[in-house]
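Asks: What shape does this take:
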Amino acid sequence: MLNRADILRKTLYGTGIYSHILKERFPEDEVVMRVVGRDCGNCRNPFDDGKLTLHIFREKLHPEEKLSDELCYHHDLSGTIPDGDCFEFAERYYGLHDQELLEFLNKELLLHIGEENRQYSNSPETERPEIQLPAFSFFRMPISNTAPLKTVTPLDVYNYLIGPYAKEQTEHLRTITERKEARAYKAKNFSYVTFSGEFTKREDAALVRLSNLLGVDLDHLDNVEETFQALLKDRYFNTVLLFRSPSGDGLKWVIPIEYNGHSHAEVFDAVANYLRIAYGLRMDQSCKDVSRACFLPYDPQAYINPNFK
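Replies: All right, here's what the predicted structure looks like:
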């Protein structure tokens, strides 16, 4: 059975529930909600003739904790409906309650909670639906080169990872013990991609289109292979790509994401919080920008979801 925590983990603590309803009710509005910190501002109120009387905001459930789960609430400035949280708002809007509401939200918001992970359906007899593969930019080394060479797909990256293209560089990097020297070598000798989208130049302002992928950077892991297997079995995210970092002591986990009206940084923070709670893992916070580069090493044991081959 679904529970509220399942929904909150995949909707930025319920913010996505509000934004979905507002987009459904006011489809002509290009932006229905702007999130600044934990405040979503005054939005159009579907219960008050579309007036800007619905104040939406998030609050920590445990304010005394630095890293706390949160919940999204509303305050109706017109007094048309009672103040409450995202689930009470959805109950009023859709006329559904309890488990029926949670199941509806899971389907309506395309959260895919509880579905069998597609990565294990790799039997040749299993029919695969046609999928438009996500695309993103590929850049030749060094990191100072900010002009993309071409647009690639997850399969292109997988073939690069298991091929000989970065084998020599990867093996040499892992012999360097001085961190500063290793960082400089990696910057000069590894090509890279921007998993989150296509760019005309590697900077946020030069974004052409989003890929709806997020490249998660997990460094300095205690047990790389144990974490590798745990992420493959994650119940909330279907792995697209998973491979060892150039240094060998970390992982690069590429997963599909849905923005639902939120910024890239907000989605990043939601995933980071999930990994902290579920696995005790810390994402590299320097990777929050949408144009973040991911170096491509040699990894003959890299994983690709069969649906993206």
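Asks: was I right about Thr239 contacting Lys252?
Replies: No - Thr239 sits out of contact with Lys252 when judged by Cβ atoms under 8 Å, with a separation of 10.9 Å. Glycine gets a C-beta too; all of them are placed from N, C-alpha and C.
Asks: who's more crowded, these two?
Replies: Counted by other Cβ atoms under 10 Å, Thr239 and Lys252 do not tie: Lys252 has more neighbours, with 25 against 21.
Asks: can I assume the more buried one sits in a strand?
Replies: Yes - applying DSSP: H, G, I helix; E, B strand; the rest coil, one finds Lys252 inside a strand.
Asks: From Leu218, how far off is it?
Replies: Going from Lys252 to Leu218 by Cβ to Cβ, to the nearest Å gives 8 Å.
Asks: which neighbours do those two share?
Replies: Common neighbours of Lys252 and Leu218, using Cβ atoms under 8 Å, 6 or more residues apart in numbering, are Ser245.
Asks: Now do the SS call for Tyr18.
Replies: Using three-state DSSP, the three-state assignment for Tyr18 comes out as helix.
Asks: Could I get the contacting residues of the residue nearest to it when sequence neighbours are not counted?
Replies: By the measure of Cβ to Cβ, 6 or more residues apart in numbering, the closest residue to Tyr18 outside its immediate chain neighbours is Ile56, 5.2 Å from it. Residues near Ile56 by Cβ under 8 Å, 6+ apart: 15, 18, 33, 40-41, 43, 72-74.
Asks: Looking at these, which has the smallest pLDDT value?
Replies: Minimum pLDDT for these is recorded at Met33 (75).
Asks: Surely it is within a helix?
Replies: No - Met33: not assigned to a helix; according to three-state DSSP it is coil.
Asks: just to revisit the earlier point, and the strand or helix carrying the residue nearest to Tyr18, which residues are buried?
Replies: Using DSSP states H and E, Ile56 falls within strand 51-60. Buried residues in strand 51-60, counting neighbours by 16 or more other Cβ atoms under 10 Å, are found at 53-58.
Asks: for stretch 88-104, same thing?
Replies: Neighbour counts over stretch 88-104 (16+ other Cβ under 10 Å) mark 89-91, 93, 101-102 as buried.
Asks: Who are the contact partners of the closest residue in space to Pro148 that isn't next to it in sequence?
Replies: Excluding the flanking residues, the one nearest Pro148 by Cβ to Cβ, 6+ apart is Ser137, at 3.9 Å. By Cβ under 8 Å, 6+ apart, Ser137 lies in contact with 148, 150-152, 193-194, 197-199, 202.
Asks: would you list the contacts of Ile56 in a markdown table and tack on neighbour count, secondary structure and distance to Val224?
Replies: As requested, the contacts of Ile56 are exported to a markdown table (neighbours: other Cβ atoms under 10 Å; DSSP: H, G, I helix; E, B strand; the rest coil; distance: Cβ to Cβ, whole Å):
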| residue | neighbour count | secondary structure | distance to Val224 |
| --- | --- | --- | --- |
| Thr15 | 26 | helix | 33 |
| Tyr18 | 27 | helix | 39 |
| Met33 | 21 | coil | 39 |
| Cys40 | 25 | strand | 38 |
| Gly41 | 13 | strand | 42 |
| Cys43 | 24 | strand | 44 |
| Cys72 | 25 | strand | 36 |
| Tyr73 | 20 | strand | 40 |
| His74 | 22 | strand | 43 |
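Asks: Name the nearest of the residues you listed relative to Gln229.
Replies: Here the nearest of those to Gln229, counting by Cβ to Cβ, is Thr15; it sits at 31.8 Å.
Asks: Distance check, that closest one against Ile257.
Replies: From Thr15 to Ile257 the distance is 14 Å (Cβ to Cβ).
Asks: Could you do Arg179 as well?
Replies: 31 Å.
Asks: more neighbours, the two?
Replies: The neighbour comparison of Arg179 against Ile257 (other Cβ under 10 Å) goes to Ile257, with 19 against 9.
Asks: quick one, phi psi at that one?
Replies: Torsion angles at Ile257 (phi, psi; degrees, to the nearest 10) stand at phi -130, psi 160.
Asks: pLDDT averaged over the strand holding Ile56 - what is it?
Replies: So the average pLDDT for strand 51-60 ends up being 93.
Asks: ok, it: who's next to it in the sheet?
Replies: Here strand 51-60 has these sheet partners by DSSP bridges: strand 39-45 (antiparallel), strand 70-76 (antiparallel).
Asks: So which of the ones you listed is nearest Leu232?
Replies: Closest of the strands paired with strand 51-60 to Leu232 is strand 70-76, at 28.2 Å (criterion: Cβ to Cβ).
Asks: the strands in this protein, which residues?
Replies: Ranges of strands within the chain are 39-45, 51-60, 70-76, 84-85, 136-139, 150-152, 192-194, 197-199, 207-210, 213-218, 241-244, 251-256, 294-295, 303-304, based on DSSP state E.
Asks: closest one to Asp269 among those?
Replies: So among these, strand 70-76 is nearest, using Cβ to Cβ, at 10.2 Å.
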